[in-house]
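Novice: Fold the stuff below for me.
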Amino acid sequence: MTGSIQPQVSRPPSRKLARAGIRDVAAAAGVSITTVSDALNGKGRLPEATRRHVREVADRLGYRPSAAARALRTGKSGLIGLTVTTYGEEPFTFTEFAYFAEMARAATSAALARGYALVILPATSRHDVWSNVALDGTVVIDPAEGDPVVSEIVRQGIPVVSDGRPGGSLPVTAWVDNDHQAAVLDLLDHLADAGARRIGLLTGTSTDTYTRLSTTAYLTWCERVGQDPVYESYPAHDPRAGAVAADRLLARPDRPDAVYGLFDPNGTDLLAATRRYGLRVPDDLMLVCCSESPGYASTDPPITTLSLKPRRIGTAVVQLLIDAIEGVDAGRPIEQVIPTDLIVRASSQRRPPRTVVSAPRRPA
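Specialist: Okay, the predicted model is just below:
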């Protein structure tokens, strides 16, 4: 079969549009390169009309300042890091948990609002990422005592702000945290007021301040009310270990009639364990866990949660860090305490016993 021959049409080679540079803006605006730089960076003594004209030309040409050029000019990269070092070499995908996800979102927004980008980095020394990223500062979440990552960052002269009180003498620039002791004491009183007589705890094995202060508050409360402590500890980076610890707690001969879990998955772990043991919530066991997950509002029954306000913390740590990077005294305290919120739901509200009222007898 013979096909028809199509005439070939020659096309000019496509040309990739070149990115506008500062010289192009200067030529189009009819000003010098220095004037363009001053107008776009808010420097120099220029008439407002000139600044506005230069910005309009830059917008029309699609000009964006080079990050590399800015770094050379200012000595800053415009990048700030965020990491969780609590679990050291252990693999821990912290953004899977609602607290860290909300905190990171708020921190990202706060950084962008001040012209910085947030980079989430691994904490383990097996990665060489830290040496390849030029950071102006770093946010570290829940650092443990003597944290080697924090110590090394500080040694390099990079500002560090901690989400969580630093353990020991860790040399951070500033920190933001909750009053974990007061929060735990209040929720234990809430459970006791609801009828609990033996309150248990699911806690972690790490040395971060959140775990340490929360556990200490529980032990202090037990001593105050004359209750023997009933608790199980497990490595919080391992989700399977949490389910095993919940099972151990409810299998004890001194099984509690209420439990507070320090970590996000503890609510569902404990709820599953109660079903295996045939326990009713809240009649046989009341539950509270620390979580930001909205899913606990729709479990059966809905579970009472303690919120640590991660959005407020994420915003606050970034503001403090950028103030330190830029040498700004914004009048903010370098140690900030954010209030917590106990969101009471059915799992910690024991139903009062049903009272049967008999009809009055008729006189004989």
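Novice: quick one: contacts of the helix or strand hosting Arg52?
Specialist: Assigned by DSSP states H and E, Arg52 falls within helix 48-61. For helix 48-61, the external contacting residues (C-beta atoms under 8 Å, 6 or more residues apart in numbering) are Ala20, Asp24, Val25, Ala28, Ala29, Val31, Thr35, Val36, Ala39, Leu40. (Each C-beta comes from the backbone N, C-alpha and C, glycine too.)
Novice: and if we set it to 10 Å?
Specialist: Helix 48-61 is contacted by residues 19-22, 24-31, 35-40, 42, 44, 46-47, 63-65 when judged by C-beta atoms under 10 Å, 6 or more residues apart in numbering.
Novice: Alpha carbons only: can I get that helix in CSV?
Specialist: C-alpha atoms of helix 48-61 as CSV (Å, rounded to 0.1, in the frame of the first residue of the first chain):
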residue,chain,number,x,y,z
GLU,A,48,7.9,56.4,47.4
ALA,A,49,6.9,56.9,43.7
THR,A,50,10.2,55.5,42.6
ARG,A,51,9.9,52.4,44.8
ARG,A,52,6.4,51.8,43.6
HIS,A,53,7.4,52.2,39.9
VAL,A,54,10.3,49.8,40.3
ARG,A,55,8.1,47.2,42.0
GLU,A,56,5.5,47.5,39.3
VAL,A,57,8.1,46.9,36.6
ALA,A,58,9.6,44.0,38.5
ASP,A,59,6.1,42.4,38.8
ARG,A,60,5.4,42.9,35.1
LEU,A,61,8.6,41.3,34.1
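Novice: Make 877 the first number, not 1, from now on.
Specialist: Yes, from this point I'll number from 877; that puts the last item at helix 924-937.
Novice: What mean pLDDT does that helix get?
Specialist: Helix 924-937 carries an average pLDDT of 88.
Novice: Could the C-alpha coordinates of stretch 1009-1025 be exported in CSV?
Specialist: The C-alpha trace of stretch 1009-1025 is given here as CSV (Å, rounded to 0.1, in the frame of the first residue of the first chain):
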residue,chain,number,x,y,z
VAL,A,1009,21.6,22.6,54.2
ALA,A,1010,22.6,26.1,55.2
LEU,A,1011,20.2,27.0,58.1
ASP,A,1012,19.8,30.3,59.7
GLY,A,1013,18.3,28.6,62.8
THR,A,1014,16.5,25.5,64.0
VAL,A,1015,13.4,24.5,66.0
VAL,A,1016,13.9,21.3,68.0
ILE,A,1017,10.8,19.5,69.4
ASP,A,1018,11.1,17.8,72.8
PRO,A,1019,14.9,17.5,73.0
ALA,A,1020,16.2,15.0,75.6
GLU,A,1021,18.8,15.8,78.2
GLY,A,1022,22.3,16.3,76.8
ASP,A,1023,20.9,16.1,73.2
PRO,A,1024,23.9,15.8,70.9
VAL,A,1025,22.2,17.3,67.9
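Novice: right, and the helix or strand after the lowest-mean-pLDDT helix or strand in the chain?
Specialist: Least confident helix or strand, the chain: helix 943-950 with a mean of 56, by mean pLDDT, DSSP states H and E. Sequence order places strand 955-960 as the next helix or strand after helix 943-950, per DSSP H and E.
Novice: how about low-confidence regions in the stretch 1077-1226 of the chain?
Specialist: Scanning the stretch 1077-1226 of the chain with the threshold set as pLDDT under 70 gives 1206-1209.
Novice: in it, which spans are strands?
Specialist: 1106-1110, 1134-1137, 1162-1166, 1180-1183, 1211-1213, 1217-1219 (DSSP state E, counting those that start in this stretch).
Novice: could these be laid out in CSV, adding distance to Ala1093 and mean neighbour count?
Specialist: CSV is the format used below for the strands of the stretch 1077-1226 of the chain (distance: least, C-beta to C-beta, whole Å; neighbours: other C-beta atoms under 10 Å):
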stretch, distance to Ala1093, mean neighbour count
strand 1106-1110, 12, 20
strand 1134-1137, 10, 29
strand 1162-1166, 12, 26
strand 1180-1183, 12, 24
strand 1211-1213, 15, 14
strand 1217-1219, 14, 14
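Novice: Tabulate those (JSON lines), appending distance to Pro1019.
Specialist: Formatted as JSON lines, the strands of the stretch 1077-1226 of the chain follow (distance: least, C-beta to C-beta, whole Å):
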{"stretch": "strand 1106-1110", "distance to Pro1019": "20"}
{"stretch": "strand 1134-1137", "distance to Pro1019": "22"}
{"stretch": "strand 1162-1166", "distance to Pro1019": "19"}
{"stretch": "strand 1180-1183", "distance to Pro1019": "22"}
{"stretch": "strand 1211-1213", "distance to Pro1019": "15"}
{"stretch": "strand 1217-1219", "distance to Pro1019": "25"}
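Novice: and of those strands, who's closest to Ala977?
Specialist: Across the strands of the stretch 1077-1226 of the chain, Ala977 has its closest neighbour in strand 1180-1183 (13.7 Å, C-beta to C-beta).
Novice: The closest one: partners in the sheet, and parallel or antiparallel?
Specialist: According to DSSP bridges, strand 1180-1183 forms sheet pairs with strand 1162-1166 (parallel), strand 1217-1219 (antiparallel).
Novice: Which one, of the ones you listed, ends up nearest to Asp1012?
Specialist: Among these, the nearest to Asp1012 by C-beta to C-beta is strand 1162-1166 (31.8 Å).
Novice: Can you show me the CA trace of the closest one as CSV?
Specialist: Taking Å, rounded to 0.1, in the frame of the first residue of the first chain, the C-alpha atoms of strand 1162-1166 are listed here in CSV:
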residue,chain,number,x,y,z
MET,A,1162,-12.6,5.8,82.2
LEU,A,1163,-10.2,7.0,79.6
VAL,A,1164,-8.3,10.2,78.8
CYS,A,1165,-5.4,10.7,76.4
CYS,A,1166,-3.3,13.5,75.2
